Structure formats: structure tokens, C-alpha cells
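> whatever this is, show me its structure:
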Amino acid sequence: MASMLALSTSFGAALPVPALLDALARSGAGGVVLDARLDPARLEAIERALLKSGSSSLFASDSSSLLILEAPCPAGRASSAALCALDRAEADVALAAALATVRRAGALGARFVVLRLGEAAGLAAEWILARDRFLRGALDEDLARRLLDARDAAGWRPLDAARRALERLARAAESLGVTLVIPNPRRFVELPSPTELELLLADAAGAPLAPSFDLPAAHLADVMGLYPLELTLAAFAPRAPLVFVGDACGPVGALAPGRGLLDVAALAARLPADAARAFSPWPGLTTDEVTEAVTRLTAL
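This next block holds a predicted model:
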């Protein structure tokens, strides 16, 4: 399975569905990630292609294809709701949408559902400050430490909310043969941190819940001076059944190998050999650039 690479539908947000399906089929990818920004009409059209008898091997519903869903999918009013929300009504909306995504994954024969837990409440200003200082080259070590201290202090109550949601989601996933994966966040204000991940996994021992390592996201946290790449790699990668790969340069992530600053080949060699791999391209890539990236990443 390590030689397979699933391509996210996120790159084709502006393409008509037939053009998106054609681009996916021509990309050479071995599977597809249904991203959380798909609107209901586009998702239903793609589902019909996935289930259509006699479709190409990329979209065939058999064991040779790799299908992944991001929760919540499709996009809707629940897209902005967080599973870790302190507001119970918001958390319930997020949970209902995630449960629906898990059931959809089971119906489609998908292997994984990617869960993003959301941001710790009350840290919007901290993220804006960190982002703006970083883009100006002024995010120093002292400020990074203060930001992380604020983040750690704010994370415990949202972590409890995430635990409640994951317990419900894991029960549903187990009955459907779906594995839930939690990636390392791109923004430091999101859950889980490496420490929080360990607590969540300890709670869910034996459940179909695992970490997922996202290399471009880990790069951003590293270059911002917040979470070192080695720390994120050690926490999320060794037990990851699914990894997101790609090159990165500063805040721009998910590029073809050689288009950014990372030694993608060396880092990919440190990932679990049996992990499925996925690519969620930077939105600024053209279709040809996405195909180039798939070719290079598959060769790894």
C-alpha cells in the first residue's frame, strides 16, 4: 500500500465535476481524498463516479483503491463547528456532521476518515499575532514561548470536549470498518498538540483511532519556531496508518518534491513503510503541477 498515493479533490475546487474526475484519473494517483470543502452537489456527483460500475480503477469500489474522507464532508453549516468546542450546541453540530461523514465513509468502502478537532477557544488573537510576526520575520523565541504557554493553558477544557466526541465517533467507526485519523495541526492553536495526542490515544486504546502525520503542516509549525519538526514527527508518524506528504516553503505547503525546502525523500523514508500516503495540494498549483507532484511523490 505504501506505493499508492491518494490525491485530494481540493485542487479542483474551480473545475467542473467532469473535468475534476478526468484530472484525477489522469494524475496517476491510486486513490482519492474527498476534501471537507466539497459542496453537497459536487460530492454527490463524485460519489456516483466512485460507485459507478465499470469506472476507472481510480474510482472503482474495490480493495485496490484508496478512498479517504475528511470530516465534515460535505461542506455546510457544520464546517465551522469544532469537535473540541466548549459550547455544547456547537460541539453537537460538529459531532453530528462527523458521524454522518463516518457513515458515508462506511457506505463508500473508505478506509479512513480524517478528523480535525478544531481550535482551542479564545486564541484567535494569538494566531493572528503569530502569523503576522512570522510573515514579517519578527516571531522571536521569547514570543513563541509565550504563545505556546497560552496555548497549553487553554487546551485542557477543549481536550475534554474532544474526548467525548471521539468516544462516539470511534464506536461508529468500529462498526463500519473505518479508521479515524487525527493529523498534526497546521496552526498551533488547533488540537491536538503532541502531548494532547498521547492523552487521546491512551483514552482510545483498542479503538479504530490513530494519528496521521502531515509533513507540510509540520514544516509550518517548525519554521514558525513553535513545534520542532522532529517533535511532531516523533509524536505523530510512527503509529500513523495514513501520512500526508509534499514539499513546503515557508507558509506554502504541499508542493512537488524539489519545489520547496524540504528533503522530502529523506523524510518520507522515515515514515512507516506500510502507511498509506496522500497529497492535498497547495491551492495555487495548476493541474499540470499537481500531476507532476503525484508522479514525484509516488516515485518515493
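> and residue 11, what is it in contact with?
23, 281, 283, 285, 287, 290 (CB atoms under 8 Å, 6 or more residues apart in numbering). Backbone N, C-alpha and C define where each C-beta goes, glycine included.
> using CSV, lay out these together with pLDDT and distance to residue 205.
Listed next are the contacts of residue 11 as CSV, based on pLDDT from 0 to 100; distance: CB to CB, whole Å:
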residue, pLDDT, distance to residue 205
23, 94, 41
281, 97, 35
283, 92, 37
285, 95, 39
287, 95, 43
290, 97, 38
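> which other helices and strands contact the helix or strand in which residue 212 is found?
Using DSSP states H and E, residue 212 falls within strand 209-214. The contact analysis (3 or more CB pairs under 8 Å, 6 or more residues apart in numbering; DSSP states H and E) places strand 209-214 against helix 156-176, strand 179-183, helix 194-203, helix 229-236, strand 242-244.
> so which of these gets nearest residue 262?
Each of those has some distance to residue 262 by CB to CB; the shortest is helix 229-236, at 8.8 Å.
> out of the helices and strands in this protein, which is least certain?
helix 40-51 (a mean of 91; mean pLDDT, DSSP states H and E).
> so what does that helix touch, helix or strand wise?
helix 17-26, strand 31-34, helix 88-108.
> deepest of those, which one?
Each of the helices and strands packed on helix 40-51 was scored by mean neighbour count; the highest is strand 31-34, a mean of 26, by mean count of other CB atoms under 10 Å.
> how close does the residue nearest to residue 42 when sequence neighbours are not counted sit to residue 109?
Closest residue in space to residue 42, ignoring its immediate chain neighbours: residue 17 at 5.7 Å, by CB to CB, 6 or more residues apart in numbering. Residue 17 sits 20 Å away from residue 109 when distances are taken as CB to CB, to the nearest Å.
> surely residue 279 touches residue 295?
No - assessed by CB atoms under 8 Å, residue 279 is found out of contact with residue 295, at 10.7 Å.
> no further questions, thank you.
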